[in-house]
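>>> task: produce atomic coordinates for the following.
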Amino acid sequence: MAPLCEHGTFGTRTLHLPRWASRLGIKAWQAAFLAVGIPGVLMAIWVWTLKEPIRGASEGLVTKQHPHPFRATTNSFMSVLPGFSLFALYAAGGMRAVATNLIAGGVVGWLMPPPPPPPPVETISLMEEEPAPSESTSLLEVLSPSEKDTPDVEVEEVLEVEEVMLVDANQVPPLPIKYYVQVANCLDSECVGEHRRLLSRQGYRTRIENAVESMPFREVRSQPLYSSERSAAVAEEINQDPGLNGYAQVLKPNDWYRISLGVFPEVDQADRLTKALNAKYARRITFEHVEVRLDFEHMRVYAGGYREEKEALRLKTYLERREPLFRNLFVTALLPRD
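Numbers count the residues shown, from 1 in each chain. Take a look at the predicted model:
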């Protein structure tokens, strides 16, 4: 849309202002603001003449009008703003109320256990590194074997023997397991982002793992039908009925047809829909609900990464006290990422 210029052109059209507007020196863009603003001023004057109804008259609880409404509103805002809340507390109860709240806040902060420190960033290697050559070792000694390591025998007399190294199971280092607190199972990235922001606000890193689980559902479906026209007609009739909570579609698993109304997580919900369908189509078609298992993809949100389980348990207790969103947390052991 083209802008309204001073000469009164709007796109390819020309606006002709009244003569009184031209005499007052009003431009086209000023006339546009006046056309929008003047009705608002008139409506504000009309609203100002309206009388406010008595508060609580319909419930029988008449509230007296406050003598200073603006002052009361200001005090209400000051009581919730950081820094000004102390002034509102002083106005309500004096220095005694301020001192009581400060002492109570200090006692609560002193009794609350400190949060566990974030896990240190460390790298665990399962392979022993070979020692680097010293400064006194020459490059020739590193690249070529010494004379004492070379056997003084002929080549044809040397027998190649395959060496088998036996490793004691007790000497194998254990896998570097770390302990995490699982805080959420999310279905979308918005849920993951919300939990990551809450954990980052507390100073903890997060770990996201994708998981797929097979979950049981109940599918409401009809018995086999052998006519596509009949199946389509019944499905259309079900979809047009507002009393039936389901979306019917025709499937063809084999040489016959079947009407499916989707899957439901609760057995009671599937049972109610099945009974309603059988009551309406008792003489035409029979419905049933059977168990099916579907892959359920979700994302697990973890926090922590401690070498000891007790540190993860401390983090679990701390998060449950600090954030109302974190409930029913538990500690699990995971292998660290590469």
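>>> just the helices in the stretch 51-200 of the chain please.
For the stretch 51-200 of the chain, the helices defined by DSSP state H, counting those that start in this stretch cover 69-80, 85-111, 139-143, 189-201.
>>> now the first one: buried residues?
Yep, that's helix 69-80 we're talking about. By 16 or more other C-beta atoms under 10 Å, the buried positions in helix 69-80 come out as Met78. No exception for glycine: its C-beta is placed from N, CA and C like everyone else's.
>>> now stretch 196-215
For stretch 196-215, burial by neighbour count (16+ other C-beta under 10 Å) applies to 196, 198-199, 204, 206-207.
>>> hang on, the earlier thing: let's have the helices of the stretch 51-200 of the chain in TSV, adding distance to Tyr281 and mean pLDDT.
Formatted as TSV, the helices of the stretch 51-200 of the chain follow (distance: least, C-beta to C-beta, whole Å; pLDDT from 0 to 100):
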stretch	distance to Tyr281	mean pLDDT
helix 69-80	59	77
helix 85-111	64	81
helix 139-143	87	44
helix 189-201	40	89
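>>> how about those helices in JSON lines, adding distance to Ala233?
Output for the helices of the stretch 51-200 of the chain, formatted as JSON lines (distance: least, C-beta to C-beta, whole Å):
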{"stretch": "helix 69-80", "distance to Ala233": "62"}
{"stretch": "helix 85-111", "distance to Ala233": "68"}
{"stretch": "helix 139-143", "distance to Ala233": "86"}
{"stretch": "helix 189-201", "distance to Ala233": "41"}
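>>> for those helices, which one sits closest to Leu294?
helix 189-201 (19.8 Å; C-beta to C-beta).
>>> what does that closest one contact?
With C-beta atoms under 8 Å, 6 or more residues apart in numbering as the test, helix 189-201 has contacts from 183-184, 186, 205-206, 208, 299, 301, 303, 319, 323, 325-326.
>>> and that helix, how far from the chain's centre?
In terms of C-alpha atoms, centre = their mean, to the nearest Å, the centre of helix 189-201 is set 6 Å apart from its chain centre.
>>> just to revisit the earlier point, narrow the contacts of helix 189-201 to those in helices?
Judged by DSSP state H, these include Leu319 as members of helices.
>>> now, of the contacts of helix 189-201, which are buried?
In those, burial by neighbour count holds for 183-184, 186, 206, 299, 301, 303, 319, 323, 326, counting by 16+ other C-beta under 10 Å.
>>> circling back to that earlier point, wait, which of the buried residues of stretch 196-215 is closest to Arg337?
So of the buried residues of stretch 196-215, ranked by how close each gets to Arg337 (C-beta to C-beta), first place is Arg207, at 7.8 Å.
>>> the stretch 201-338 of the chain: helices as residue ranges?
Assigned by DSSP H, counting those that start in this stretch, the stretch 201-338 of the chain shows helices spanning 228-239, 267-280, 309-322.
>>> mean confidence for stretch 276-287?
In this model, stretch 276-287 has a mean pLDDT of 86.
>>> how about residues contacting that stretch?
Under the criterion C-beta under 8 Å, 6+ apart, residues 220-223, 225, 234, 238, 241, 243-244, 259, 261, 274 lie in contact with stretch 276-287.
>>> so, low pLDDT: which residues of the stretch 151-300 of the chain?
Where the stretch 151-300 of the chain drops to pLDDT under 70, the residues are 151-175, 245-246.
>>> try 50 this time
151, 153-162, 164 (pLDDT under 50).
>>> what residues go with each domain of the chain?
Segmentation of the chain into domains, based on automatic domain parsing, reads 9-48, 83-112, 178-338.
>>> so can I have JSON lines of the ones you listed showing distance to Arg55?
Formatted as JSON lines, these follow (distance: least, C-beta to C-beta, whole Å):
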{"stretch": "domain 9-48", "distance to Arg55": "18"}
{"stretch": "domain 83-112", "distance to Arg55": "23"}
{"stretch": "domain 178-338", "distance to Arg55": "33"}
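>>> tell me which of those domains sits most buried.
The highest mean neighbour count among those, using mean count of other C-beta atoms under 10 Å, belongs to domain 178-338: a mean of 15.
>>> list the contacts for Val263?
Each residue near Val263 by C-beta under 8 Å, 6+ apart is listed here: 217-220, 292, 294.
>>> just flag the most distant two among these.
Spatially, the most separated pair among the contacts of Val263 is Val220 and Leu294, at 14.4 Å (C-beta to C-beta).
>>> ok, the closest residue to Arg337 other than its chain neighbours - contacts?
Counting by C-beta to C-beta, 6 or more residues apart in numbering, Arg337 lies nearest to Arg207, which is 7.8 Å off, once chain neighbours are set aside. Arg207 makes contact with 180, 301-303, 305, 334, 337, according to C-beta under 8 Å, 6+ apart.
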